[in-house]
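Novice: missing the sequence, but the structure's below:
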């Protein structure tokens with residue numbers, strides 16, 4: 001039996017400005033439940049879930065077999081602050097992160113490399129949403145890029 005989506009996660013997915021043809025990067029995908037929900041809603045969408053945990057990625061693959069087979073989802077074990085080979089993955093229209101320590105203040109030392117990698121991974125005009133506990137906050141990746149890439 002596939003795990004059901006929690007009310008909180010469903011609320012987050014419902015809030016994201018998703019549409020057909022998008023490429024979505026889920027940062028800290030956990031067990032893939034949000035990716036599965038997004039893939040199920042659209043005919044033409046691709047969600048790449050990344051997580052530092054090998055166990056989470058194995059569970060994501062198990063939970064999202066149909067979406068993976070349909071070419072609508074993929075998963076990669078990597079921490080966002082180490083997310084390299086951007087060219088291999090392509091670029092994304094939208095990225096979102098829920099309870100990711102590098103982005104929510106729990107691991108500030110990882111914030112700068114994480115944000116640089118996200119800025120590189122997004123198309124110009126791409127959107128980044130970070131969970132703040134009670135709501136999603138949209139971060140302007142262009143401002144991230146301007147600020148971060150001028151620092152050493």
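Specialist: Yep, it's here. It should be emphasised that the depicted structure is a prediction, and the values quoted were computed from it without experimental measurement.
Novice: quick check: closest non-adjacent residue to the spatially most central residue of the chain.
Specialist: Nearest to the centroid of the C-alpha atoms of the chain, with distances taken as Cα atoms, centre = their mean, sits residue 26, at 1.5 Å. Taking Cβ to Cβ, 6 or more residues apart in numbering, and ignoring the residues beside it in sequence, residue 26 has residue 49 as its nearest neighbour in space, at 4.5 Å. In this view, the C-beta of every residue, glycine as well, is placed from N, C-alpha and C.
Novice: run through the bridge partners of the one you found.
Specialist: residue 26, residue 75 (DSSP bridges).
Novice: show me which helix or strand of this protein is least confident by mean pLDDT.
Specialist: Ranked by mean pLDDT, DSSP states H and E, the helix or strand of the chain with the weakest confidence is helix 141-149, at a mean of 60.
Novice: which stretches of the chain form strands?
Specialist: 23-27, 46-51, 73-77, 92-97, 122-131, 136-139 (DSSP state E).
Novice: export those to TSV and tack on distance to residue 67 and mean pLDDT?
Specialist: What follows is those, written out as TSV (distance: least, Cβ to Cβ, whole Å; pLDDT from 0 to 100):
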stretch	distance to residue 67	mean pLDDT
strand 23-27	12	97
strand 46-51	7	97
strand 73-77	4	96
strand 92-97	16	96
strand 122-131	20	91
strand 136-139	22	86
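Novice: same list, those strands, but as TSV with distance to residue 114 please.
Specialist: Shown next, in TSV, are the strands of the chain (distance: least, Cβ to Cβ, whole Å):
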stretch	distance to residue 114
strand 23-27	8
strand 46-51	11
strand 73-77	15
strand 92-97	9
strand 122-131	10
strand 136-139	11
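Novice: to residue 108, which of those lies closest?
Specialist: Residue 108 lies closest to strand 122-131 among the strands of the chain, at 13.8 Å (Cβ to Cβ).
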